[in-house]
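Here you go, sequence then predicted model.
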Amino acid sequence: MEPSKRKNRRAFLGIALGTAVVVAGITALLVNINQRKTEAKSQYLKLVEVDENTVDPKVWGTNWPREYDSYLKTVEPSRTNFGGGDASPAQKAEQFPWLTRIFAGYAFSLDYRDRRGHAYMLLDQEKTRRVTERPQPGACLHCHASIIPAYRYVGKGDVMKGFEEVSAMKYQEAHALKDASGKSLVEHPVSCVDCHDPKTLNLRVTRPAFIVGIKAFKEHQGVKDYDPNCDASRQEMRSYVCGQCHVEYYFRGDKKTVTYPWKNGLRVEEIESYYDDGSTFPDGKPFKDWVHPESGAPVLKAQHPEFETWNQGIHARSGVACADCHMPYVREGALKVSDHWIRSPLLNVSRACQTCHPYAETEIQARAAQIQDRSYQLLQRAGGAIIDMLDALKAAKAAGATDEQLAPARALHRKAQWRLDFVAAENSMGFHAPQETARILGEAIDYGRQAQLSVEKLRLGTAPSATPVKRGPQ
């Protein structure tokens, strides 16, 4: 064969081979795209039926194994510098020694352990000395158990009625509830059915106290007849499902109905004004959780006001939901799945933070550490101020100071401890709203020192101020 013909033949073969490779590549790409589109449309294979009474997450996991597998990881330790639990979570008083004393006379002085993953929320409640050694109501199960079927059963189909009746029961009685067949109605911690509609998988709010509380808050903002399950956006729901339980609350009246004190707003002083308004309560007096034995002050116990605090921060104002940081999306093939290993974003910076913040992981962690370190130092200073205040009040009582003389200091004690505890009980060490947290702790220190000075004036024979001194925005 002539050299020119051989050359042309090689060129032809090269072109043909190259074309075949390109065609094969395009074909493979198109097949892959089609497979991924099909995969994305078919997010789950329905193998079992789930309904409103399916509280066992394992059953849901048959249809949604990806989410269930990540939920199972909530049993694993997930500790950060300022929180999280191990196999045997430590007492919080080990880190904050003043906690035991500020809760003197209250159940939290017995047992106040650090939090663990969601898988432990019911178990840890069952075993805490606050429940085993002190009488507690069924209201406690509102946020620790997959409780809605029990409400529905006790209320004969009326969840709100059942909620009120179960709240009024003794804890052990409510926990032991069974249906007509003898099946336990309270056996799982908060589960899939508490946040998802079993028919559509849409996010939803199920907790009666939240539905009532958010309606009152929205009415305070001028919005009438608000129903989160009808009126909230999907992004709002991605925070509301968490805010059902990560909130401040109290047990209202003799029936111990779980109530969120949001009628005046979500800020610390707005909630305080709700508790201070005697007309709100059946006995016509300001609400108190207990009387502190050292000071004689009617004080309040904050619960875990993450939702309220987050609402004052930059992430909430920017439209970032709880789930964006604590349950970030993860890609599995063509699927975008919410990670149900609910934990601190600091343990998952690449997906929880860097999708919005294009900085090195070390820089993001350093920024968070700076915020939390400053909050921690302020918190310890506030704790010290409260202890000094208690020392002064205790000494004044021992020296014979009258209730009338101590009334101003007791009022200041209530204000100071409420603010200290609002931050200490909140699980972000200031990160959810750094400026708001600093403001609250600044007020806690100020009110604590004012109370101490008020008592010191008694020793000097000077009458204390008749009303607490107000400093800064109220």
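Received the coordinates, thanks.

Tell me who's in contact with the spatially closest residue to residue 285 that is not a sequence neighbour.
Ranked by CB to CB, 6 or more residues apart in numbering and with sequence neighbours excluded, the top spatial neighbour of residue 285 is residue 278, at 4.8 Å. Glycine gets a C-beta too; all of them are placed from N, C-alpha and C. Contacts for residue 278 (CB atoms under 8 Å, 6 or more residues apart in numbering) come out as 284-286.

Equivalent analysis for residue 428, please.
Residue 428 makes contact with 306, 309-310, 372, according to CB under 8 Å, 6+ apart.

ditto for residue 61
67-69, 71.

Would you mind listing which of the contacts of residue 278 are buried?
Buried members of these, counted by 16 or more other CB atoms under 10 Å: residue 286.

Just the ones of the contacts of residue 278 in helices?
Among those, no member is found in helices (DSSP state H).

would you list the contacts of residue 278 in JSON lines and tack on pLDDT and distance to residue 244?
Output for the contacts of residue 278, formatted as JSON lines (pLDDT from 0 to 100; distance: CB to CB, whole Å):
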{"residue": "284", "pLDDT": "90", "distance to residue 244": "31"}
{"residue": "285", "pLDDT": "93", "distance to residue 244": "29"}
{"residue": "286", "pLDDT": "96", "distance to residue 244": "27"}
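
picking that back up, of the contacts of residue 61, grab the buried ones for PyMOL.
Of those, the buried ones go into a single PyMOL selection, burial set by 16+ other CB under 10 Å:
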select buried, resi 67+68+71
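
In a markdown table: the contacts of residue 61, plus distance to residue 334.
Formatted as a markdown table, these follow (distance: CB to CB, whole Å):
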| residue | distance to residue 334 |
| --- | --- |
| 67 | 16 |
| 68 | 19 |
| 69 | 18 |
| 71 | 22 |
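
Now flag whichever of the contacts of residue 61 is closest to residue 203.
Minimum distance to residue 203 across the contacts of residue 61 is 12.8 Å, recorded for residue 67 (CB to CB).

Name the secondary structure element that contains the closest one.
Following DSSP states H and E, one finds residue 67 within helix 65-72.

and if you look at residue 389?
Going by DSSP H and E, residue 389 is in helix 361-398.

tell me which strands and helices that helix is in contact with?
Counting contacts by 3 or more CB pairs under 8 Å, 6 or more residues apart in numbering; DSSP states H and E, helix 361-398 packs against helix 98-102, helix 349-352, helix 403-424, helix 434-459.

tell me the most buried of the ones you listed?
Neighbour counts (mean count of other CB atoms under 10 Å) averaged over each of the helices and strands packed on helix 361-398 peak at helix 403-424, with a mean of 23.

Tell me what angle it forms with helix 361-398.
Here helix 403-424 runs at an angle of 170 degrees relative to helix 361-398 (axes from the mean of the first three to the mean of the last three CA atoms, to 10 degrees).

Give me the distance from helix 403-424 to the chain's centre.
Computed by CA atoms, centre = their mean, to the nearest Å, the separation of helix 403-424 from the middle of its chain amounts to 25 Å.

Where do the strands of the chain begin and end?
Listed in chain order, the strands of the chain (DSSP state E) span 250-252, 257-259, 290-291, 298-299, 329-332, 335-338.

re the thing from before, relative to the whole chain's centre, how far out is the helix holding residue 389?
For helix 361-398, the separation from the chain centroid amounts to 21 Å (computed by CA atoms, centre = their mean).

Buried residues in that helix, which are they?
So, applying 16+ other CB under 10 Å, buried residues of helix 361-398: 364, 368-369, 371-372, 374-376, 378-379, 381-383, 385-387, 389-390, 392-393, 396-397.
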